[in-house]
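Just a sequence and a predicted model for now, questions to come.
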Amino acid sequence: MKEAPDMVLIEAYLNGDQTAFAALYERYKRQLYAYLGRMIPQDPASVDDVFQQTWMRAIRRLPDYRNRELFLAWLMRIAHNLAVDFFRSGARRGEQSLSDVDPETDMPLTKEGDTPSGRLDRRELGEAIDRAVRELPPELREVFLLRQDGVSFREIAEIQHCSINTSLARMRYALNKLRASLSGWSDTEEGMQ
């Protein structure tokens, strides 16, 4: 059942098969949690709350899902809307950090055998990247973070209710703004190309 297409799992769940929803959850939990963790500059407990709310809302609205769009895009839109609600509620208080893990490998940025100055440089760069990403306008930040999570431009367009060309342009603008913000870091330009 784990390999079944999303729509097959959705139909099975709607017909009473709880394991079908568990398969959907397992399939998308990591992407959804990573997305929320980057979108909400908050402590893990708040991310957990919005993550849980997203799945609860998805369960309630699943009977209305008609395969008009990819399930992941539909789920991310629910998460996006709840994150917007979170921001509007004024619940955010903390800072997010992208510097703890490498977005390409999900591995810690520090490695065994690093020199203290190497770790410090990497930490400072990570903090500069965090700041630059936080300073992006919301639409650009969302496109950038979704792409970092491996979401296709077609899915991003569905999540943001825009054309694929608009999502591509937003990514280009985001990268240009990040390059400008990080121009003082010589290695950054090569890594973002």
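Thanks, I have it.

Which pLDDT does the model give the residue nearest in space to the middle of the chain?
For the chain, Tyr35 is the residue whose C-alpha lies nearest the centre (C-alpha atoms, centre = their mean; 2.0 Å). According to the prediction, Tyr35 has pLDDT 86.

what does Arg131 give?
On pLDDT, Arg131 comes in at 83.

Ok, Thr110 next?
Note for Thr110: predicted pLDDT of 48.

Report the secondary structure state of the residue nearest to the centre of the chain.
Recorded secondary structure, Tyr35: helix (DSSP: H, G, I helix; E, B strand; the rest coil).

In contact with the closest residue to it other than its chain neighbours, which residues?
Leaving aside its sequence neighbours, Tyr35 sits nearest to Asp149 (C-beta to C-beta, 6 or more residues apart in numbering; 5.3 Å). Where you see a C-beta, it was placed from the backbone N, CA and C, and this is true even at glycine. Shown in contact with Asp149 (C-beta atoms under 8 Å, 6 or more residues apart in numbering): Gln31, Ala34, Tyr35, Arg38.

how close does the third one sit to Gln53?
Separation of Tyr35 from Gln53 (C-beta to C-beta, to the nearest Å): 14 Å.

Same check on Glu11?
As judged by C-beta to C-beta, Glu11 and Gln53 stand 24 Å apart.

for stretch 152-164, which positions count as buried?
Using 16 or more other C-beta atoms under 10 Å as the test for burial, stretch 152-164 gives Phe153, Glu155, Ile156, Ala157, Glu158, Ile159, Gln160.

my guess is the residue nearest to the centre of the chain contacts Leu75, does it?
No - look at Tyr35 against Leu75 with C-beta atoms under 8 Å: they stay out of range, at 9.5 Å.

The residue nearest to the centre of the chain and Thr19, how far apart?
25 Å.
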